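Q: give me the fold of what follows.
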Amino acid sequence: MNFPASASPEPEAHAPSAARPRIFVVDDDDLVRTAIARLLGLRDYAVSAFQCAESFLLTELGPDIHGCIVLDVAMPGLDGLALQQALAERGCLMPVIFLTGHGDVPMCARAMKRGAFDFLTKPVDDSVLFATVERALEKDEAQWKARALRALTEARLSTLTAREREVLTHVMAGRLNKQIAADLGTAEKTIKVHRARGMEKMHVRSVAELVRIVERARLSTADATN
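A: Residues are numbered from 1 along each chain as shown. Coordinates of the predicted model:
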């Protein structure tokens with residue numbers, strides 16, 4: 001079993017950004033955009049509203065920005081689906097909630113296939129909107145934890161020497177020190193030293209913990225982004 005090229009430890013060890021989650025509302029209809037922004041604001045959400053996709057793309061969506069996007073499908077210029085694609089190309093992982101007044105099934109299918117979080121028809125019921133936004137923010141938080149988990153393990157893995165990484169890979173595969181020594185053509189005591197140093201750098205006390213943090217990092221990241 002090899003170490004993943006990128007992975008990382010316990011989500012609890014590295015919490016999501018302290019920055020407050022923000023909801024981005026993008027809709028060319030002034031009345032709809034204003035109404036949704038005010039409605040979400042009444043629930044004490046941090047809200048930013050945009051009249052078009054082009055203006056939203058000018059926003060600095062750095063690594064500390066997280067939350068979700070409430071996005072109209074049919075807009076002049078760059079439409080919702082095109083904006084979704086542009087965000088994906090930029091690596092933006094914020095969940096996208098689509099709004100449409102048309103209920104276009106093929107359009108809905110394309111949006112969902114591209115990873116849309118949900119697809120709501122205008123006029124959307126307040127309770128449905130709130131519930132969907134809450135679920136989207138929960139997913140966003142899970143993604144943050146997964147990325148933090150991956151980043152922490154990556155940082156620790158980067159401190160390993162090539163030999164320490166090689167030895168720990170064998171350790172994770174369940175090999176004994178003497179077996180690893182035979183495989184690598186070195187003394188068992190040398191393997192013990194590399195193993196101890198590697199475990200210390202990974203901040204783990206057992207093989208089970210080592211396997212768990214590496215596998216949990218890889219799996220939690222995959223789950224959160226699906």
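Q: next, the buried residues of the helix or strand encompassing A136.
A: According to DSSP states H and E, A136 maps onto helix 126-157. Under the neighbour-count criterion of 16 or more other CB atoms under 10 Å, helix 126-157 has 129-130, 132-133, 136-137, 139-154, 156-157 buried. All C-beta atoms are positioned from the backbone trio N, CA, C, and that covers glycine.
Q: got the CA coordinates for the following helix or strand past it in PDB?
A: Where DSSP H and E defines the elements, the next helix or strand beyond helix 126-157 is helix 162-172. Presented in PDB, the C-alpha positions along helix 162-172 are these (Å, rounded to 0.1, in the frame of the first residue of the first chain):
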ATOM      1  CA  ALA A 162      12.800   9.100   1.100                       C
ATOM      2  CA  ARG A 163      13.800   6.200   3.200                       C
ATOM      3  CA  GLU A 164      11.400   7.000   6.000                       C
ATOM      4  CA  ARG A 165       8.600   7.200   3.600                       C
ATOM      5  CA  GLU A 166       9.600   3.900   2.000                       C
ATOM      6  CA  VAL A 167       9.800   2.200   5.400                       C
ATOM      7  CA  LEU A 168       6.400   3.600   6.500                       C
ATOM      8  CA  THR A 169       4.800   2.400   3.300                       C
ATOM      9  CA  HIS A 170       6.000  -1.100   4.200                       C
ATOM     10  CA  VAL A 171       4.800  -0.600   7.700                       C
ATOM     11  CA  MET A 172       1.300   0.300   6.500                       C
END
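Q: mind listing residues that contact helix 162-172?
A: With contacts defined as CB atoms under 8 Å, 6 or more residues apart in numbering, helix 162-172 is touched by 1-3, 157, 160, 179-180, 183-184, 191, 194-195, 197-199, 201-202, 207, 210-211, 214.
Q: buried set for the helix or strand following it?
A: Of the helices and strands lying after helix 162-172 in sequence (DSSP H and E), the nearest is helix 177-184. By neighbour count with 16+ other CB under 10 Å, helix 177-184 contains the buried residues N177, I180, A181.
Q: give me the contact list for helix 177-184.
A: Helix 177-184 has contacts (CB under 8 Å, 6+ apart) with E166, V167, H170, V171, R175, A187, E188, T190, I191, K192, R195.
Q: can you pull out the strands in this structure?
A: Here the chain has its strands, by DSSP state E, at 22-26, 46-50, 67-72, 96-100, 118-121.
Q: helices or strands up against the last one?
A: What that stands for is strand 118-121. In terms of contacts (3 or more CB pairs under 8 Å, 6 or more residues apart in numbering; DSSP states H and E), strand 118-121 is packed against strand 96-100, helix 105-113, helix 126-157.
Q: worst mean pLDDT among these?
A: Of all the helices and strands packed on strand 118-121, the minimum mean pLDDT falls on helix 105-113 (a mean of 75).
Q: now that one - C-alpha only, PDB.
A: What follows is helix 105-113, C-alpha atoms only, in PDB (Å, rounded to 0.1, in the frame of the first residue of the first chain):
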ATOM      1  CA  VAL A 105     -35.400  19.300 -17.300                       C
ATOM      2  CA  PRO A 106     -32.400  18.900 -19.700                       C
ATOM      3  CA  MET A 107     -30.800  22.000 -18.200                       C
ATOM      4  CA  CYS A 108     -31.400  20.600 -14.700                       C
ATOM      5  CA  ALA A 109     -29.800  17.400 -15.800                       C
ATOM      6  CA  ARG A 110     -26.700  19.100 -17.200                       C
ATOM      7  CA  ALA A 111     -26.300  21.200 -14.100                       C
ATOM      8  CA  MET A 112     -26.600  18.200 -11.700                       C
ATOM      9  CA  LYS A 113     -24.200  16.200 -13.900                       C
END
